[in-house]
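Visitor: Requesting a structural model of the entry that follows:
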Amino acid sequence: MVYPTTSHEMPSVHALAALLRGRRVVVLGGAGCSTESGIPDYRGPEGSLRTRRPIQLQEFLRSEATRARYWARSAVGWPRMTAARPNAAHEALARLEAAGLVRGLITQNVDGLHQAAGSTRVLELHGSLARVRCLACPAIVERGEFQEWLAVANPEWSARTLESAGGVDGEVAPDGDAEVEPAALDGFRVPPCPVCAGILKPDVVFFGENVPRDRLTQAWDLFDQGDVLLVVGSSLTVYSGRRFVLKAQERAMPVAIVNVGPTRADDVAAAKVDGCLGLVLPRLTEVLLEEA
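Guide: Sure, this is the predicted structure:
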C-alpha cells in the first residue's frame, strides 16, 4: 500500500513506524537523500540523466581526452560538493542509529553527507568522491589534495573556468560532475600518479563498473543484521541497489520505502511514504523515539 503525505499529521508515518517498531532496521539510501542538500539525483523528477550522460568506465579507461574532460568538470564540481551540508533527512537517520533503532546504512551515494551528519555504520556501496585511486598501484590520494594538484597543473584555467561555470552556485551531478563550456576543456592537464605515473580515478563505481567484491560482501554482512529493509531516496532503477530488495523478498523480509515518486519495488513494499525525505524522516524519527 502507498501512503500519501497530504495530511499535516502525516498519518502514513505512523503506519511506517508500526512496521519498523521492534525490528532491527537496515537502511538502503539513494541519491534522493542528498537532493535537499543541493545535489540532484540521476533519475528523480529533476534527475541529471534527463540532461546529461554520466561518465562510463570504458570511456574513462581508453581515452586520455575523456579523462581530461572528466577531471576538468570534476575540478569545477568539487568545491560545490564540499560546500554541500547534511539535511534533515541525513540528521534523522543519524539520530535513529544513535538511538539503536537503525543497525546501519548501505548508501549508494558518494558524497559523505551521511557521515557528516553523524551516522557511523555507513557502507559506501559506490565508493567515495573524497578519495582518488591509482589504477596501476595501491596509491590513494585525498580528493582535496588532488584538487590542489589540478590547480597547479592548470593555473590559468582554474579561476577562469570556475567563474564561467557559475562558481560554487552552479549545477553539479551526484558524481561531482559539473557543466563546463567545451572550449574550456582545451589543454586541460591531469597529473599522473605520483608513485608510478599511472592513471588516477576517483574512488567511486562508474556506470558500467561492478561494485568491488569485498565491499559487496561487507554490504551483505550489514544487510544480514536487519529484520526490515528501509529504502530511502532511491528509485531502485539499477540492480546495484535493487539486489537488496530482491534478497529481502527471498527471505520474506519486509521492505519499507520513503521516496519522492515511484520506485521499482512499490508493488512489494509493505509500506511506502511518497514524500519529501526532509519532512518524512524527521517525523518518523520523532514517532519512533517517542514510543521507544
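Visitor: Show me the helices in the stretch 51-200 of the chain, by range?
Guide: Using DSSP state H, counting those that start in this stretch, the helices of the stretch 51-200 of the chain run over 57-62, 64-83, 88-98, 113-117, 143-153, 155-164.
Visitor: now what about the shortest one, what contacts it?
Guide: Where contact means C-beta atoms under 8 Å, 6 or more residues apart in numbering, the residues beyond helix 113-117 that reach it are 29, 33-34, 37, 84-87, 90-91, 93-94, 105, 107, 122. For the C-beta atoms, the positions are set from N, CA and C on the backbone; glycine is no exception.
Visitor: Show me how to select, in ChimeraX, the buried members of these.
Guide: Those of those that count as buried under 16 or more other C-beta atoms under 10 Å are selected in ChimeraX with:
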select :29,33,34,37,84,86,87,90,91,93,94,105,107,122
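Visitor: just to revisit the earlier point, let's have the helices of the stretch 51-200 of the chain in JSON lines, adding mean pLDDT and distance to residue 280.
Guide: As requested, the helices of the stretch 51-200 of the chain are exported to JSON lines (pLDDT from 0 to 100; distance: least, C-beta to C-beta, whole Å):
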{"stretch": "helix 57-62", "mean pLDDT": "95", "distance to residue 280": "34"}
{"stretch": "helix 64-83", "mean pLDDT": "92", "distance to residue 280": "25"}
{"stretch": "helix 88-98", "mean pLDDT": "98", "distance to residue 280": "8"}
{"stretch": "helix 113-117", "mean pLDDT": "98", "distance to residue 280": "16"}
{"stretch": "helix 143-153", "mean pLDDT": "95", "distance to residue 280": "31"}
{"stretch": "helix 155-164", "mean pLDDT": "64", "distance to residue 280": "36"}
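Visitor: Deepest-packed of the ones you listed, please.
Guide: Mean neighbour count (mean count of other C-beta atoms under 10 Å) peaks for helix 88-98 among these, with a mean of 23.
Visitor: From the rest of the structure, what touches that one?
Guide: Helix 88-98 is touched from outside by 25, 27, 29, 33-34, 36-37, 86, 102-105, 113-114, 116-121, 232-233, 277-279, 281-282, 284-285, 288-289, with contacts defined as C-beta under 8 Å, 6+ apart.
Visitor: Please tell me how far residue 24 sits from residue 269.
Guide: For residue 24, the distance to residue 269 equals 18 Å [C-beta to C-beta, to the nearest Å].
Visitor: re the thing from before, can you lay out the helices of the stretch 51-200 of the chain as TSV showing distance to residue 137?
Guide: TSV is the format used below for the helices of the stretch 51-200 of the chain (distance: least, C-beta to C-beta, whole Å):
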stretch	distance to residue 137
helix 57-62	16
helix 64-83	17
helix 88-98	34
helix 113-117	27
helix 143-153	15
helix 155-164	27
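Visitor: Tell me which of these approaches residue 222 most closely.
Guide: With C-beta to C-beta as the criterion, residue 222 lies closest to helix 88-98 of these, at 12.0 Å.
Visitor: I'd guessed residue 72 sits against residue 185; true?
Guide: Yes. Using C-beta atoms under 8 Å, residue 72 makes contact with residue 185 at a distance of 5.2 Å.
Visitor: circling back to that earlier point, what about residue 24 and residue 269, which has more around it?
Guide: More crowded of residue 24 and residue 269, by other C-beta atoms under 10 Å: residue 269, with 21 against 14.
Visitor: Not counting sequence-adjacent ones, nearest residue to that one?
Guide: In space, and not counting its chain neighbours, residue 269 is closest to residue 257: 4.8 Å by C-beta to C-beta, 6 or more residues apart in numbering.
Visitor: can you check residue 153 too?
Guide: For residue 153, ignoring the flanking residues on the chain, the nearest one in space by C-beta to C-beta, 6+ apart is residue 189 at 4.4 Å.
Visitor: State the distance from the one you found to residue 135.
Guide: Using C-beta to C-beta, residue 189 is found at 18 Å from residue 135.
Visitor: Repeat that for residue 204.
Guide: Distance of residue 204 to residue 135, given as C-beta to C-beta: 13 Å.
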